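In: my questions are about this predicted structure, shown below with the sequence.
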Amino acid sequence: MDIETEGTQLYYPIYLDAPMMISFLAALENGVAFEEAVERRSGARRSANTDLSAKAGLPSLFSLFRFDLKGQLGGALASEESEDLSLIRSHTEASLFNKLRWTMLASEILQVYEETELDTAEFMPGELIEIQGVIGKNTLEDLVGLYDRFRSFLNAIAEAKAGESPRNVSGGISEASTIGAPTTSAAAGQNKPNGFDSETAAIFEWIREDLRSADMTDVLLLAEGVKTRFVLTLSPDFGTGRTMDSLLGSRVKVIGKVTNISREGKPLSLIRRSLLDLMPEELKKQIFDNLLRKPGFQHLVSGIEIEPPYVQILPLAIFV
């Protein structure tokens, strides 16, 4: 990598742990200057030529003025007008990030890995690395989102198969349901072979609220042709929500600390931070078995656990 060329690049941080970034920069440079005073002086010089005739009795003037062959003395009198200008240059989060990255590269404390190196790299816990790949969404959030979109649709199909009248698209009762068809909530909750029972619906509501209040969330960074998967643990304070939604499917770079490496052994559960992971195993199995019977949910359920090899990273920044 050409460090000088990298130092002239400008990168756009989309996710940025600003407090830790400032701490890193302060440690490397014995403090952080957020503002810098710049003094500038501008002025104009005016000069005037004076001719004096050579006269006897003035030898002392020869040392101050040049003497020409015509017997005339020439001198210059100057005056200067100046203006002092004081400027304040302020750093922003983006400028500090670009400065920190260049400083870490120049100091060789940031290990940059190309995609072709990721499967063979010997990562170490605590290592500060930079990698790149495509951002994928948290599987549990995808499950909740898919549940929200398909719940009414699947329940309507289940009601129709059970001999009940489905609700129309606008959410009201269809014409057929007004002619003797059972429409009470008790009848609607009976025999839903392909829909969501009330217990599953309640559990999804709990999971949704749990995700909203979570301090951390996990997303995947996938590199093309690389078997190793990278799990990024993100804080909602530094760019999740709409900002992270804009990252999905984007090719980005990530700077972060390696927290765990697993080349073999048990899979990593992506629901480990949620209420669902605290439930009894039998109940979790019942929920997932129910989801596996629903169209569109199979690939999400199978993505709940990440098989080794995987690397867990606590990101400092995600940028393009």
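Out: Thanks, I have the structure now.
In: pretty sure Ile129 contacts Glu117?
Out: No: using Cβ atoms under 8 Å, Ile129 is not in contact with Glu117; the gap is 10.6 Å. The C-beta positions use only the backbone N, C-alpha and C, and glycine is treated the same way.
In: neighbour count for these two, which is higher?
Out: Applying other Cβ atoms under 10 Å to Ile129 and Glu117 shows that Ile129 carries more neighbours, namely 20 against 13.
In: where do the strands of the stretch 201-320 of the chain begin and end?
Out: Secondary structure of the stretch 201-320 of the chain by DSSP state E, counting those that start in this stretch: the strands cover 217-222, 229-234, 251-262, 268-269, 305-306, 310-319.
In: mind picking out the helix or strand in the protein with the poorest mean pLDDT?
Out: For the chain, the helix or strand with the lowest mean confidence is helix 185-188, at a mean of 42 (criterion: mean pLDDT, DSSP states H and E).
In: hang on, the earlier thing: out of the strands of the stretch 201-320 of the chain, the one nearest Ile157 is which?
Out: strand 305-306 (29.1 Å; Cβ to Cβ).
In: list of residues touching the closest one?
Out: Leu220, Arg229, Val231, Pro267, Leu268, Ser269, Leu270 (Cβ atoms under 8 Å, 6 or more residues apart in numbering).
In: and stretch 278-292, by the same measure?
Out: Stretch 278-292 has contacts (Cβ under 8 Å, 6+ apart) with Leu143, Phe196, Asp197, Thr200, Ile203, Leu276, Asp277, Phe297, Gln298, Leu300, Val301, Ile304.
In: and that stretch, what's buried?
Out: Neighbour counts over stretch 278-292 (16 or more other Cβ atoms under 10 Å) mark Met279, Lys284, Ile287, Phe288, Asn290, Leu291 as buried.
In: as CSV, the residues you listed with distance to Gly31 would be great.
Out: Shown next, in CSV, are the buried residues of stretch 278-292 (distance: Cβ to Cβ, whole Å):
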residue, distance to Gly31
Met279, 49
Lys284, 50
Ile287, 52
Phe288, 52
Asn290, 57
Leu291, 53
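In: just put those in TSV and tack on distance to Val134 and pLDDT.
Out: Below are the buried residues of stretch 278-292 laid out as TSV (distance: Cβ to Cβ, whole Å; pLDDT from 0 to 100):
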residue	distance to Val134	pLDDT
Met279	31	79
Lys284	29	80
Ile287	29	78
Phe288	26	80
Asn290	31	77
Leu291	25	77
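In: surely Tyr124 is in a helix?
Out: You called it Tyr, but residue 124 is Met. No: looking at Met124 with DSSP: H, G, I helix; E, B strand; the rest coil, it is coil, so not inside a helix.
In: contacts only, for it.
Out: Val258, Ile261.
In: which of the buried residues of stretch 278-292 fall within helices?
Out: Lys284, Ile287, Phe288, Asn290, Leu291 (DSSP state H).
In: which among the residues you listed gets closest to Ser250?
Out: Leu291 (28.0 Å).
In: can you pull out the helices in the stretch 1-150 of the chain?
Out: Assigned by DSSP state H, counting those that start in this stretch, the helices in the stretch 1-150 of the chain fall at 3-7, 18-29, 93-106, 139-161.
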